[in-house]
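Asks: Kindly generate the corresponding structure for this input.
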Amino acid sequence: MLRKPMFLVGLAFALAAALLIAAWYRGTGAKPAAEASLPVALPPPSVVAQAQIVPIEGIIEVRPLAEGRVLKVLVHPGDRVEAQQLLAEIESDLQSAALAAREADLGAANERLRLVREGVRREDRAALLAAAEAARHEAELARDRLQRQQQLLSQGFVSDQSITEARQELAAAQARAREARMRAEAGIAGGRPGEIRAARQQVSAADAVVSVEKVQLERTRIVAPVAGVVMSRNVNPGDIIGPNVTAPTLFKIVDPARVEVRLEVEELLANKVAVGMPVRFMLPGSQTQIGSGTLTRVAPQVEKRSIGADDARMRADSMIRPAWSEFVPLAAQALPPINYRLEAWVELGK
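Replies: Reported below is the predicted structural model:
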C-alpha cells in the first residue's frame, strides 16, 4: 500500500527538476542580435568646480573726495546708472559760501583793474597800502597753514590732497600779496604800466582761487564714473564721510553686459583642465544646466579658495587653481547676476 504514495512523490520531484532545467536553458540562451549590439551612451568624464559670475571689466569702486555729512542718496542696488549721473550729495554750505566769497573777490579785482586803468586818486593810496599789508599777512598765514598740514601728514592725520590744497592756497596768497604790493606802489607812483600789470595779476589770482573753490564744491556731488548697474550701496543720508586713505567704498558699479565665469578647480585636479575645454554650468546641488562655455584661460599657479570659503561644508584652507570661461545662457534662460554661484562641469573627454 505504500508503493503508490512513494511513486507520486518521486513523480513530483522529477517534474520540478524538469521545469528548473528548462528555465535555466532559456536564461542562458542566445540574446537577440538587436539587443546585443545596442551601444551604451556614457557621459564624458568631467571635473566639477565651484564657479561664480564676475564682471570682465572689474568692479568700479566709488569713494568720497570731500568731507561732510551726506544729505541724500539717489540710487539703490540694482539701479542702472549712466556715466556722470548723480549718486549722492554731501553737505555743501561751506563750499558754496567759500565759492561766493571768492567770486566776490574776483569781481572786486576786476573793478580795481578798471580803476587802475583810469588812475588812482590820492585819497585811495592809503587804502592800497593797507590792502598790501593785509595780503602779506594772508600769505604768511597760508605759509603757517601749510607747515601745520605737513606736520599732520607726518603723523597720519591728513591726506596728500590736503598738502596739495594748502600749497595751492599759499601760491594764491603769495600772488595776491605780490599784486597788492605792486598795486600800492603803482598807486603811489600814479597810473603806470606796472600798476596795471599788478591789477591783472590780482585778477588772475582771484580767478585761480575761484577755480579751486569750484572744484571743492563739485566734489560734494558724488557721480558715477562709468555707466553700469549699482552692485552695492554703503552710505545713507546723515552719514559723515571723508576723503582720507581709509575712506569706505560708497558704491560699487559693474557693467552687467560684460561678464565671465571664474572657476576654482581643486589642486589635485588642476592638471586635468586646459584652455579650450567645454564647460557646462549647473545650478548648485542639482543637475539643471543653465549655460555653457569654453575655458578661455587657466591661472599658472594655485591660490587660496575664495568661492564658498565661508561654507562650512567646504575646506576653506584648501588650494585651488583659478580658471575663466565665457558664459552662454541656454535658450529662454536669463543671464545670472554678478556674484551668482554655479557648478562648472569641465568636460575632459572633448
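
Asks: Show me the residue sitting in the middle of the protein in space.
Replies: Ile60 (2.5 Å; CA atoms, centre = their mean).

Asks: That residue contacts Val254, doesn't it?
Replies: Yes: counting by CB atoms under 8 Å, Val254 is a contact partner of Ile60 at 7.0 Å. C-beta: built from backbone N, CA, C; applies to glycine.

Asks: Now the common contact residues for those two.
Replies: Gly228 (CB atoms under 8 Å, 6 or more residues apart in numbering).

Asks: one step back: leaving out the residues flanking it, which one is nearest to the residue nearest to the centre of the chain?
Replies: Spatially, and ignoring its direct neighbours in sequence, Ile60 is nearest to Ile253 (4.4 Å; CB to CB, 6 or more residues apart in numbering).

Asks: same deal with Leu106?
Replies: Nearest to Leu106 is Ala206, by CB to CB, 6+ apart, at 4.0 Å.

Asks: Contacts only, for the one you found.
Replies: Here Ala206 is in contact with Arg102, Asp105, Leu106, Ala108, Ala109, Arg176 (CB under 8 Å, 6+ apart).

Asks: could you redo the last one with a cut-off of 10 Å?
Replies: 102-110, 112, 172, 175-176, 179 (CB atoms under 10 Å, 6 or more residues apart in numbering).

Asks: do the same with Leu283
Replies: Leu283 sits in contact with Gln289, Ile290, Pro336, Tyr340, Arg341, Leu342, Glu343, where contact means CB under 10 Å, 6+ apart.

Asks: Who is the fifth one paired with across the strands?
Replies: Counting by DSSP bridges, Arg341 is bridged to Gln52.

Asks: mind pulling up the phi and psi values for Ala334?
Replies: Taking degrees, to the nearest 10, you get phi -90, psi 160 for the backbone angles of Ala334.

Asks: Touching, it and Phe327? I think so.
Replies: No: using CB atoms under 10 Å, Ala334 is not in contact with Phe327; the gap is 11.6 Å.

Asks: who's more crowded, the two?
Replies: Each of Ala334 and Phe327 has its neighbours counted (other CB atoms under 10 Å); Phe327 has more, 21 against 7.

Asks: how close does the more buried one sit to Arg280?
Replies: 11 Å (CB to CB, to the nearest Å).

Asks: Could you pull out the residues contacting both of the two?
Replies: Common contacts of Phe327 and Arg280 (CB under 10 Å, 6+ apart): Ile290, Gly291, Ser292, Gly293, Leu342, Ala344.
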